[in-house]
Structures are given as C-alpha cells and as structure tokens.
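Student: Quick one: sequence and predicted model below, then my questions.
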Amino acid sequence: MPVSVDEAKNRILQRISLPELIGEKIELKVRGGRHTGLCPFHDERSPSFTVFDDHYFCFGCRATGDAITYIRETQGLSFMETLRYLAEKYGLEVPELEKPNFDKSARLVEAQLYKISAEAAQYFREQLARPQSAKAREYIESRGFSPEFAEEYGFGLSSPEPLALVNHMLKKGFAIKDLITASVALASQHDQRAYDFFINRLMIPIADMHGRVIAFGGRSLGDDLPKYKNSMNTPLFDKSHVLYGLHRAKETIRRERQAIVCEGYMDVLQLSQAGISTSVACLGTALTLPHLRRLGALTPQIYLVFDGDKAGRNATLRTVNIALEVPQAECKVVVLPAGDDPDTFIQKYGAPAFRDQLQSAKGLLDFAIETRIKETHDLGIPELVNKEIVPWLQSVKDPMSRNFLMNRISELTGIAAEGMLSAIHGEAPAKKAPPKLTPLPEEIPVQRTVTAIKGPELELFGHLYWSNPGELDIDQLEHMFQSQLELEEVWAEFAQEITKALRKDLIPSQQNKAFWMSGSTPEVLDLILGLEKTQGAYETEFRQRQFDKLLTFIRKRQLDETAAKLKQKLAQSSGEEEMEILIAISRIKKELLHIDNPAKRPAASP
C-alpha cells in the first residue's frame, strides 16, 4: 500500500546519521555528546555550529534544520530532488518518491540516457585528441583556454561526418530511438534515417547537480549557423531548470554568498579559467523562476551579466518579473560595455577589471526603473508606473519586500507609495478634503506632532505585535531600541512595552486592548487598530529572519542619512571639528561595510 511523501521523508530521516552526513564536508568535533564545527552557512573562525542526531543549529547565524534542509540549502535542490538524492545516496527503495506516472520502464529509459550521454562525452573527447583535430585544438587555445583546462572541463569535438557518432553508438549496442531521445541523434524527415545531432562543433558537456552528463552544447568551428547549438529537452535535460556549471560552482557560490549568471557557457568557462568560479549560464533560454529559486537556495546575492547591447538590456528587464518572486535573493545587474560579454571582456581586460564591474553593479529594480524612465517622457511616467511597475509589485507576495520596493520606486519617480498601494489593490487613491484651519488661542500650547509609522518601520512593528514568545531575540530587541534605531519617543516607548510583554511570555496581539490603551497616544492606538486589520501580512515561519532583514535595511538607511548630514557639515568645518567629522564618517563607512559584507566582520573574541 503506497504511503505519503511525509512518511517517506520520515523513513529516510530515520536511516540517516546527520553528523555523518554533515561530517562529509565539515570537520566536526565531539564535545559533551554534541558535534561542533564551523558553520557552512556563514564565515566564522570560532565554531558555533552544533549537530545533534536529528537536527543542527548555529548560534551565530541561527541556521537550523534536519538532513533534508541541509542538503537543500547546500546543494540548491528542491524538496523532492533532495528526497530522491538521499534515497539514492543511502540505497533506499522509496517508490512513492517517483514522479507522477513514473513507472519502472521510464526509470530504465533514464538509466539508458545517462549511459548514452556518458559514452557520447567520451567519444567527443577522443575525437578532439586525434591528430586530425589539430585545428580544433588551435581554435580552443585561440579562445584563451589551456589544454589542461579543456581536458578538465571535458571539451570535445563532433565529427564533420554526419553519421560518425550514430555509427559509433550503434556498435556500442544503443538503439536509434534512444539516441534520438537523448538528443545526440536527429531523425531526418527526408530519408527516414537518423543523423548526428552535432556536426563539426566544439563540444561542451552539460551536467546535472550531481555531475552526471545529461546534454551538450556545441559551438560552431566555422561559419555554420547557428553559432551555438544545445541539446533539445529530454527526460534528463530541461533547459528551464538546468544552469550550466552549477554542479561545479554550487559549493563556491554557497561559501562566497554570490552567484554570477551569464548568457552562455563560453562566458562561464572564461570566468572559471580566470579564477572566478561562482558563475553559471542559461542554456538557450531566458532566466526562469526555477533557475532563480535554485540559486536563491544557495546565496542571497545574484549578479546578472548580460551583453551590453540593447538585446542584453531587454533580457535584463524581462528578468524583473521572476526576480520579484524570489525575494530572498537580491539581484544586481552588471552592465558591460556595448559589444562585450564576459568572454570577450575577460580576454580584453582581465579578471580584476571584471571584479570591479561586480562592485559597481546596480540593483535589478533600480536598473529596470532607471532604464524605463530614460526611455519614457516625463508625461508618460505615471502610465509607466501604472502599467509596468504596479504589475511587478502585485506579483510580490511578501509584504515587507513590497514595501521596500514601493519606497524605492517612490524615490526614483516622485510618485507616492500610497498611490501605488491603492493601485495594487485596485482602488482609486482616496481624496481627502482639505482641513479647515482654525487659529489656536495663544494661551493653549500646540501639541507636539508625532510622525506616523510607515514603510519598513511599520513592518518592524507589525512583526513585533504579531510575534509569539521565543520567535524573536529579546536581548537583541532591547539593545536595538536603546542604542541603534532612531525612533521618536512615542514609538520607542511602545516598542519597549511590547518587548517587556514578550519577556514575560505574553503574546502582544492577544492582550486586552486596555493593556495598550493605558497611557498610549492616539497614534499608537491607530497603529494597533491598523495592525489588527492586516494580520495575514505578518504570518511567517521565519520571523527572526524577516526581522533581521528589516533591521539591516533601517540601520543602513539611518547611517546613510547621518553620513549625508555630516558631509554637508564638513564643507563648513575646519580644524578639530573637521577631524571629528571625518572620524565619524569613517566609522559609518566601516559599519556599512560590515553590514554589506558580514563575512568580513572581525571574528568574535573566544
């Protein structure tokens, strides 16, 4: 009787030793019955990563999970892919993990396709090594690739003879129908014969996440078109899911916390030879949502490097819609000079210049909006926002990310975030009647104005209000509100009251409203009433992670604003005051650098 996937998951977890699995990649030491080591999810010098029999936890970055979470986050696999990977790794028969309608005959076909791909890869390598292939080897060296590099990356050559590979594979006992299914042969519509799919091309093997060859890319050695030709989709190879080079780059991507997405495998190869080993490439298709989700599971930082021409810009713009569906990944755009791609750029200017391009990369949304604004007349900007940008925002499910984006768009276009929010919900912005101005008697003091909470601060208070005891670090909250965040007194006092409630194991949102109304200002009460109407926007399993993201954004903004004010003051200062301002600006720059590059923070004292 078939069992559920959850039961299959539990059965797999029961058979796995988590310390043994993690210990394959990380050196673990046993202390007090626990295994400890350096965390694989962030850079550190003192071990804060602890592995138990059934789960792990990092006291530094708060990463936690079981064997399935570990494989997903370190290898970028989906949930089902992870279960299948672990079942195969440990030799477990778990039939309920098969794809829908996946029978044993389909499994046999896949096994045969792996054999065909491996044999074809070996054949192509042998062809390149033949004395008659000297011109092909010269071409490889002319592109800047050393013989050692070409051998390591499996470079090969397809014969100019249209039946060479087919005849070779038939002698090996493979069937024509399987060769066609594997996309190494192509059935002719003219004479009903099968011919080689790749003819007279430099061959680059394409591998899956486990390093198994599943397809090929072929680069023309002459003037034959198309210049680049990839295998067609097969049961093993889906272009919308596979990224060239990811099986080699995944560990470095996770460790360096960045991925570079290029348009072609020649770009990846050139970057890899230059020592930049976090690059991957699409394979004859635009960047897709599965691509980004896979990368987003490995790193929060993704650089998009497309050609510097108009087509490259358009490809970047098409990425916006799918990038907004992966809010945990911050996408940036590397703009190369017109006519250049990473392949040609590296050959002309070298790796250091390319790394400089990464440092000056623009945020994807900034790039997209700036590009579209430049192409649009001022009078057309409202229509641009309504027709293009608002649909982008509607696709963003995470309210925190959407508020970030609205505030940024507002800065770039001058259109109020409130207006965009109304458009997102399909409402016309409410028009308020101008208030009547009544002169105040001089003897009555004017009450101080309290600025309404909005944007990321509103999200911050929303997560505070709807949190449960244990979801947030109370010590961090108290330190943050006392010494880091610059809040008006009213809001600072309200935050402290919520923090006190959480420390007493009280759930803020479940307290009687009188608990909050005593001594509260009208602004606080309005905030509470507003939060009561938007509970769904703050439902999350990762509250601390979202809270940390908000804190980082707010802190960076406050530091930027402080630095800007100091720079204005610097222009009118001299002597000792000038030196003090310069020191203060330097401290701000260091803190911003640490925020942007947590791996470069000084190690904590043991």
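Tutor: That came in fine, so what should we check first?

Student: contacting residues around the helix or strand harbouring E580?
Tutor: For E580, the host element (DSSP states H and E) is helix 575-596. Contact with helix 575-596 is made by 552, 555-556, 559-560, 562-563, 566-567, 569-570, 573, 600-601, as judged by CB atoms under 8 Å, 6 or more residues apart in numbering. Where C-beta positions appear, they are placed from N, C-alpha and C, glycine not excepted.

Student: Let me see the mean pLDDT of that helix.
Tutor: For helix 575-596, mean pLDDT is 74.

Student: Same question for stretch 478-494.
Tutor: 73.

Student: all helices of the stretch 151-300 of the chain, in order?
Tutor: 164-171, 176-181, 246-256, 265-273, 289-296 (DSSP state H, counting those that start in this stretch).

Student: Could you look over those and pick the most buried one?
Tutor: Of all the helices of the stretch 151-300 of the chain, helix 265-273 has the most neighbours on average by mean count of other CB atoms under 10 Å, namely a mean of 24.

Student: and the angle from that helix to helix 246-256?
Tutor: Orientation of helix 265-273 against helix 246-256 (axes from the mean of the first three to the mean of the last three CA atoms, to 10 degrees) gives an angle of 50 degrees.

Student: contacting residues around helix 265-273?
Tutor: Under CB under 8 Å, 6+ apart, the answer for helix 265-273 is 143-146, 149, 153, 204, 206, 217, 219, 244-245, 248, 260, 262, 277, 279-281, 283, 305, 341-343, 346-347, 351, 354.

Student: circling back: which of the contacts of helix 575-596 are buried? Put it as a ChimeraX command.
Tutor: Command for ChimeraX that selects the buried part of the contacts of helix 575-596, burial taken from 16 or more other CB atoms under 10 Å:
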select :555,559,563,566
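
Student: May I see the contacts of helix 575-596 organised as TSV, with distance to P456 and secondary structure added?
Tutor: Output for those, formatted as TSV (distance: CB to CB, whole Å; DSSP: H, G, I helix; E, B strand; the rest coil):
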residue	distance to P456	secondary structure
T552	10	helix
R555	10	helix
K556	10	helix
L559	14	helix
D560	13	helix
T562	17	helix
A563	19	helix
L566	23	helix
K567	24	helix
K569	26	helix
L570	28	helix
S573	32	coil
K600	24	helix
R601	23	coil
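
Student: of all the contacts of helix 575-596, which comes closest to G470?
Tutor: Nearest to G470 among those: T552, at 21.8 Å, using CB to CB.

Student: Distance check, the closest one against F404.
Tutor: 11 Å (CB to CB, to the nearest Å).

Student: Could you do K565 as well?
Tutor: On the measure of CB to CB, K565 and F404 end up 23 Å apart.

Student: more crowded one of those two?
Tutor: F404 (20 against 11; other CB atoms under 10 Å).

Student: by contact count, what packs against the host helix or strand of that one?
Tutor: Using DSSP H and E, the element containing F404 is helix 399-413. Helix 399-413 sits against helix 364-374, helix 390-394, helix 417-424, helix 455-465, helix 543-570, with contacts defined as 3 or more CB pairs under 8 Å, 6 or more residues apart in numbering; DSSP states H and E.

Student: Not counting sequence-adjacent ones, nearest residue to Q544?
Tutor: L472 (5.8 Å; CB to CB, 6 or more residues apart in numbering).

Student: Surely that neighbour and R543 touch.
Tutor: Yes: contact status for L472 versus R543: in contact at 6.4 Å, counting by CB atoms under 8 Å.

Student: Look up the closest residue to R293, ignoring the ones flanking it.
Tutor: Nearest residue to R293 in three dimensions, chain neighbours excluded: V326, at 5.7 Å (CB to CB, 6+ apart).

Student: So that neighbour lies in a helix, does it not?
Tutor: No: per DSSP: H, G, I helix; E, B strand; the rest coil, V326 lies outside any helix segment and is coil.

Student: quick one: it and P290 touch, right?
Tutor: No: using CB under 8 Å, V326 makes no contact with P290, being 10.2 Å away.

Student: TSV for the helices of the stretch 151-300 of the chain, including mean pLDDT and distance to Q535?
Tutor: TSV is the format used below for the helices of the stretch 151-300 of the chain (pLDDT from 0 to 100; distance: least, CB to CB, whole Å):
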stretch	mean pLDDT	distance to Q535
helix 164-171	96	61
helix 176-181	95	52
helix 246-256	90	35
helix 265-273	95	45
helix 289-296	85	27
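
Student: Export those helices to JSON lines and append columns for distance to Y114.
Tutor: Compiled in JSON lines, these are given as follows (distance: least, CB to CB, whole Å):
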{"stretch": "helix 164-171", "distance to Y114": "14"}
{"stretch": "helix 176-181", "distance to Y114": "11"}
{"stretch": "helix 246-256", "distance to Y114": "14"}
{"stretch": "helix 265-273", "distance to Y114": "20"}
{"stretch": "helix 289-296", "distance to Y114": "21"}
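
Student: Just the element for P40, please.
Tutor: P40 belongs to no helix or strand, assigned by DSSP H and E.

Student: surely it meets L298?
Tutor: No: judged on CB under 8 Å, P40 makes no contact with L298 at a distance of 11.3 Å.

Student: Comparing those two, which residue is more hemmed in?
Tutor: Between P40 and L298, L298 has the larger neighbour count (other CB under 10 Å), namely 26 against 19.

Student: Can you give me the pLDDT of that one?
Tutor: 82.

Student: Now do it against T74, distance only.
Tutor: 8 Å.

Student: Likewise for P162?
Tutor: Taking CB to CB, one finds P162 at 44 Å from T74.

Student: and if you look at H247?
Tutor: Counting by CB to CB - H247 and T74 are separated by 13 Å.

Student: ok, of the contacts of helix 575-596, which one's closest to D53?
Tutor: Closest to D53, out of all of these and judged by CB to CB, is R601, at 31.6 Å.

Student: Do you know the pLDDT at that closest one?
Tutor: On pLDDT, R601 comes in at 41.

Student: dump the residue contacts of K549.
Tutor: By CB under 8 Å, 6+ apart, K549 lies in contact with M400.

Student: Okay, buried residues for the helix holding E580 please.
Tutor: 581, 585, 588.

Student: Also stretch 11-26?
Tutor: 12-13, 16, 18-19, 21-22, 26.

Student: mind putting these in JSON lines, pLDDT, secondary structure and distance to V524 included?
Tutor: Formatted as JSON lines, the buried residues of stretch 11-26 follow (pLDDT from 0 to 100; DSSP: H, G, I helix; E, B strand; the rest coil; distance: CB to CB, whole Å):
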{"residue": "I12", "pLDDT": "86", "secondary structure": "helix", "distance to V524": "50"}
{"residue": "L13", "pLDDT": "88", "secondary structure": "helix", "distance to V524": "46"}
{"residue": "I16", "pLDDT": "87", "secondary structure": "coil", "distance to V524": "50"}
{"residue": "L18", "pLDDT": "90", "secondary structure": "helix", "distance to V524": "46"}
{"residue": "P19", "pLDDT": "90", "secondary structure": "helix", "distance to V524": "49"}
{"residue": "L21", "pLDDT": "90", "secondary structure": "helix", "distance to V524": "49"}
{"residue": "I22", "pLDDT": "91", "secondary structure": "helix", "distance to V524": "47"}
{"residue": "I26", "pLDDT": "87", "secondary structure": "coil", "distance to V524": "47"}
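
Student: and the residues you listed, which two are the farthest apart?
Tutor: The farthest-apart pair in the buried residues of stretch 11-26, when distances are taken by CB to CB, is I12 and I26, at 20.8 Å.
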